[in-house]
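Asks: Can you look at this prediction? I've put the sequence above it.
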Amino acid sequence: MQIVILKDAQEVARYGADIFTTQLQRKAESVLGLATGSTPVALYQELITRNKAGLINFSEASTFNLDEYLGLNGEHPQSYRYFMNEQLFNHINIDKDRTHVPPGDAKNPVVACQEYEAKIAAAGGVDIQLLGIGRNGHIGFNEPSSGLTSRTRVKTLTKATIDDNARFFTADEYQPHLSITMGIGTILDAKKVVLLATGKNKAEAVKAMVEGPLTAACPASALQLHRDAVIVVDLDAASALNDLEFYQHIEAENQKLQAYLASL
Ligand code: F6R
């Protein structure tokens, strides 16, 4: 894992946006795996700004989101489809027909999960997958105890996740307890994975992911198996790491290597 420790959430967003910009400049028809939640919002704003400035082009890209609440259709303001339209897709030059979010209103959700996997495969697989991390170490809606090779499927949310996400729902609004989520195996199939984490409330989850054992008790620890996983965190989210200075040292050396390679 490449651990990148930056000052604050804004720097994390910019670093993430740089990775996506480079990816789209190298391959205009990239398949992007996207996430919802609070963490990627600043990154999406940065991508919108760059798109409007002509620095990044989404016209040939396609996207697959990690997850969706089961029981909400895309018009529901709390659905992840609605979130993606509002936070990103409505503001960039992407063809909406090439944006995919698991169908929360599928009549047969089990078949819908298989179809979602088939669509990802037909698109050639995900080139770069964006992730956030739950306080309990979840990625997507793969809650603790999720199989480390799991595929897209229906998952029950933990009470912790329901409580964390209750802030998006009004008191009288129905909050789903089930989701469709890419599996951990699906996520690990992406050619590159970029996980962003900001804020003190993520510090323990980041520590478990980076320094803890590989375990289904912390689904994000599965990223230890990925050959190109970049973990981008601010100082608050990095604050529980034991080897902070070592990670900063490696990253400084890595920058030097990249600069040398670019000069060849
Ligand atoms: C969202 C998702 C979740 C979030 C995680 C962190 O699509 O898959 O795993 O990334 O719950 O959410 P925030 O960023 O709101 O702290």
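Replies: That came in fine, so what should we check first?

Asks: OK, contacts around the closest residue to the ligand within the stretch 51-200 of the chain?
Replies: Ranking the residues of the stretch 51-200 of the chain by distance to the ligand (C-beta to the nearest ligand atom) places residue 132 first, at 2.5 Å. No exception for glycine: its C-beta is placed from N, CA and C like everyone else's. By C-beta atoms under 8 Å, 6 or more residues apart in numbering, the contact set of residue 132 is 35, 37-40, 139, 195-197.

Asks: Just the buried positions in stretch 216-236, please.
Replies: 216, 218-224, 226, 229-234, 236 (16 or more other C-beta atoms under 10 Å).

Asks: which stretch of helix or strand covers residue 5?
Replies: Following DSSP states H and E, one finds residue 5 within strand 2-6.

Asks: in its sheet, what does that strand sit against?
Replies: strand 229-234 (parallel) (DSSP bridges).

Asks: in the chain, which spans are strands?
Replies: Along the chain, the stretches classed as strands by DSSP state E are 2-6, 31-34, 62-65, 67-69, 99-100, 128-131, 153-156, 178-181, 192-197, 229-234.

Asks: Could I get these in TSV, plus columns for distance to residue 15 and mean pLDDT?
Replies: Below are the strands of the chain laid out as TSV (distance: least, C-beta to C-beta, whole Å; pLDDT from 0 to 100):
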stretch	distance to residue 15	mean pLDDT
strand 2-6	6	97
strand 31-34	16	98
strand 62-65	20	98
strand 67-69	24	97
strand 99-100	24	98
strand 128-131	12	98
strand 153-156	29	96
strand 178-181	25	97
strand 192-197	8	98
strand 229-234	5	98
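
Asks: Any chance of these in JSON lines with distance to residue 80 as columns?
Replies: Listed next are those as JSON lines, based on distance: least, C-beta to C-beta, whole Å:
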{"stretch": "strand 2-6", "distance to residue 80": "26"}
{"stretch": "strand 31-34", "distance to residue 80": "9"}
{"stretch": "strand 62-65", "distance to residue 80": "6"}
{"stretch": "strand 67-69", "distance to residue 80": "5"}
{"stretch": "strand 99-100", "distance to residue 80": "11"}
{"stretch": "strand 128-131", "distance to residue 80": "13"}
{"stretch": "strand 153-156", "distance to residue 80": "14"}
{"stretch": "strand 178-181", "distance to residue 80": "9"}
{"stretch": "strand 192-197", "distance to residue 80": "17"}
{"stretch": "strand 229-234", "distance to residue 80": "22"}
